[in-house]
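Asks: A predicted structure for the sequence below; I have some questions about it.
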Amino acid sequence: DGGITQSPKYLFRKEGQNVTLSCEQNLNHDAMYWYRQDPGQGLRLIYYSQIVNDFQKGDIAEGYSVSREKKESFPLTVTSAQKNPTAFYLCASSIDRSSSYEQYFGPGTRLTVT
Amino acid sequence: EDKVVQSPLSLVVHEGDTVTLNCSYEVTNFRSLLWYKQEKKAPTFLFMLTSSGIEKKSGRLSSILDKKELSSILNITATQTGDSAIYLCAEAAGNKLTFGGGTRVLVKP
C-alpha cells in the first residue's frame, strides 16, 4: 500500500526544545516537501528536496532544519529558534524532481509547543 | 515574489447550490495551476490545469484556467454536505508549489 506516512499525529513539546517530525514515502518519488499550515490559512513551504543529499530553503525556513539521507525519508526538525512553532505540518512528495506538478500529501503532524 | 490569492475567504451555501471559487496568480515561470480539497488533514488532489480555456471536469466539480487573466475558477454544482472543506489552489513554477490561502466552504443541509 503506497503512500506517505507522518508521525506522530500529535506532538506536544515545551518551549526551548528541539523536535523532529518524521516523513516517510514508499512511492519512489524523488522530490519531497515540508509545509506549515496555520489555522484558516493556506500552506507555506518550509524546505524541499529534489534528490537525496540535497535540499533547498522554502519561504519560511528560519528556525527549521531538514536532512535527506535516504530517498524515502525527509525528517524536519523544529528548533528552539522557531518563534511560533505551534502549527499543522504537512509533508508531501512528487515524482518529478524538475518540477513540482502533482504533490501527494501525508496525513500531517499537529505540533503544540507550550 | 509569487503570489496566489483566493476568493472568497469563506462561504456558506445550502445543499443543491452552485459554488464558484476564484484563484488569481502572479508568477514567473508558470507551469500549471493545481486545485486541492482539504477536509480534515491531508489535501487531496482535484485538478491540474496547464492550458488556457480547457475545462477539466470530475463529477460535479469543474475547473478552467485563464492565462490571459492569470486566474482560475473551480465550480461545484449541486453541492452536498460532503463538499464542505477548504479548497486550495496552488501554482507550480520552477521547482515548487505556491499555495493560496484557501477558501473555506460550508454546505448546510
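Replies: On my side now, so go ahead.

Asks: below-threshold pLDDT in chain B: ranges please.
Replies: B:1-2, B:27 (pLDDT under 70).

Asks: what parts of it come near chain A?
Replies: Taking Cβ under 8 Å from any Cβ of the partner chain as the criterion, chain B approaches chain A at residues B:4, B:6, B:31-32, B:34, B:41-45, B:48, B:88, B:90, B:92, B:94-102, B:104. Using the backbone N, CA and C atoms, a C-beta is placed for each residue, glycine as well.

Asks: A:Lys57 bridge partners, please.
Replies: Using DSSP bridges, the bridge partners assigned to A:Lys57 are A:Tyr47.

Asks: so what's A:Thr5 closest to, chain neighbours aside?
Replies: For A:Thr5, ignoring the flanking residues on the chain, the nearest one in space by Cβ to Cβ, 6 or more residues apart in numbering or on different chains is A:Glu24 at 5.1 Å.

Asks: which ChimeraX command selects the buried ones in the residues of chain B next to chain A?
Replies: Here is the ChimeraX command that picks out the buried ones among those, judged by 16 or more other Cβ atoms under 10 Å in any protein chain shown:
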select /B:4,6,31,32,34,41,42,43,48,88,90,92,95,96,97,98,99,100,101,102,104
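
Asks: which ones among the residues of chain B next to chain A lie within strands?
Replies: B:4, B:6, B:31-32, B:34, B:44-45, B:48, B:88, B:90, B:92, B:96-99, B:104 (DSSP state E).

Asks: beta partners for the residue nearest to the spatial centre of chain A?
Replies: Centre of chain A computed as the mean C-alpha position; nearest residue by Cα atoms, centre = their mean is A:Trp34, 2.9 Å away. Note on A:Trp34: beta-bridge partners A:Tyr47, A:Cys91, judged by DSSP bridges.

Asks: isn't it up against A:Arg44?
Replies: No: contact between A:Trp34 and A:Arg44 fails when scored by Cβ atoms under 8 Å: they sit 9.9 Å apart.

Asks: got any residues that touch both of those two?
Replies: A:Gly58 (Cβ atoms under 8 Å, 6 or more residues apart in numbering or on different chains).

Asks: re earlier: so what pLDDT did the residue nearest to the centre of chain A get?
Replies: On the pLDDT scale, A:Trp34 is placed at 96.
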